[in-house]
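[1] below: sequence and its predicted model.
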Amino acid sequence: MSWNLTARDGWVKQNSESPALETGGLHSLRQILDRMPGVHWYLNTTKPAVTCFQHANFYGYLNPLRPIPIQLVDGVTLEWLYRQGERELQQAPCFDAGTTLATILCDGVNPNPALEEVCRQMDIALLRSTLAPAGVLDFLQANLAKLLSPRCNRHGVFLAVMNTGVMITGKSGIGKSEVALDLVQRGHQLIADDVVEIYRRDGPVLMGECPPSLKGHIEIRGLGIINAEKMFGPAAVMDYYELELIINLSDAKEREIENLDRLKPSLEPVDILGVEIPCLHILVAPGRNLSVLVEAAIRDHLLRKTGANSSLEFVGRHNRRMGIGGEE
């Protein structure tokens, strides 16, 4: 039997939001549990874990009266399990074929034949760990929180520029990857090119990362696929980073440049997974050094976080001068 919860290796549509296990995310639940210290599998399961996301408590200690998708067996419940026969366990609410996904025995204990047979009949995974129950809970909390977080995929390039996570967006062929290549060459770090996987942490905070199959690569038209890690070294690539700013590149027409407000930045908030991220619109035109503009936008963003606003300060100073006859 197979417990492959990442069956399709494709990308979800832009703006879609769903747990990683449902959309083919970074790891399957089986791969996560395989990293648990001292793990040993007795039985596997074919059930999809996504059906269990509706439960408020995805994992916890086994409760004889209430089913939990991933249930832990500690010393007290172990004694109860050993006293039950196969028929009693089949009728126990905690072993529900529609809800229970896996039973984990803690402290390295072995299951009795009745428990193993009931899990086999109900297609419930059965495994043990040498960790104590508290250690298993800590492991699950640390490793499943990310997979159960709301997430979506966006088309763009994600980099860490001056310790700030910036996602560069725009239509295909606008030059996003070329800008990323120039920024990496200037000493900044690449996280993802073409597909950016975004998930929400508590805070609220948005984190961006790259699909494993695309990590470290940039697609440049005319050059093909470039391995940034091999070309610029391991320091040029990062696994993930917090998303703080979006820079959208768009084609510029001469009339648009003439009518552009030259005193105020084209800033507007963009909602991603319920978190508003500032988005700066930059027009692409011959003679504009986009890499320098991105770095300047990051510096201005960092200044704004400290309360400084160059545009407002300039306009205010100008208005005060105009109000007193040109003298400050």
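    Here it is on my side, so go on. Numbers count the residues shown, from 1 in each chain.

[2] break the chain down into its domains, please.
    24-145, 151-315 (the TED database).

[3] Serialize the ones you listed to JSON lines and add fields for distance to Arg321 and mean neighbour count.
    Every C-beta, even on glycine, is put in place using the N, C-alpha and C of the backbone. Shown next, in JSON lines, are the domains of the chain (distance: least, Cβ to Cβ, whole Å; neighbours: other Cβ atoms under 10 Å):
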{"stretch": "domain 24-145", "distance to Arg321": "54", "mean neighbour count": "17"}
{"stretch": "domain 151-315", "distance to Arg321": "11", "mean neighbour count": "17"}
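
[4] let's have these in a markdown table, adding distance to Gly323 and mean pLDDT.
    A markdown table is the format used below for those (distance: least, Cβ to Cβ, whole Å; pLDDT from 0 to 100):
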| stretch | distance to Gly323 | mean pLDDT |
| --- | --- | --- |
| domain 24-145 | 55 | 81 |
| domain 151-315 | 12 | 88 |
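
[5] can I assume Arg200 is in contact with Arg151?
    Yes. Between Arg200 and Arg151 there is a contact under Cβ atoms under 8 Å: 7.1 Å.

[6] common neighbours of the two, please.
    Residues touching both Arg200 and Arg151 (Cβ atoms under 8 Å, 6 or more residues apart in numbering): Leu273.

[7] just the helices in the stretch 1-150 of the chain please.
    All helices of the stretch 1-150 of the chain, identified by DSSP state H, counting those that start in this stretch, fall at 20-23, 29-34, 75-83, 86-91, 113-121, 133-144.

[8] how far off centre is stretch 104-117?
    On the basis of Cα atoms, centre = their mean, to the nearest Å, stretch 104-117 sits 34 Å off its chain's mean C-alpha point.

[9] hmm, who's touching it?
    Applying Cβ under 8 Å, 6+ apart, the contact partners of stretch 104-117 are 33, 38, 42-43, 70-75, 78, 81-82, 84-86, 89, 103, 119, 126-133, 135-136.

[10] show me the contacts for Ile198.
    Arg151, Cys152, Asn153, Arg154, Leu206, Met207, Gly208, Leu243, Ile272, Leu273.

[11] can you add secondary structure and give the residues you listed back as CSV?
    Formatted as CSV, the contacts of Ile198 follow (DSSP: H, G, I helix; E, B strand; the rest coil):
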residue, secondary structure
Arg151, strand
Cys152, strand
Asn153, strand
Arg154, strand
Leu206, strand
Met207, strand
Gly208, strand
Leu243, strand
Ile272, strand
Leu273, coil
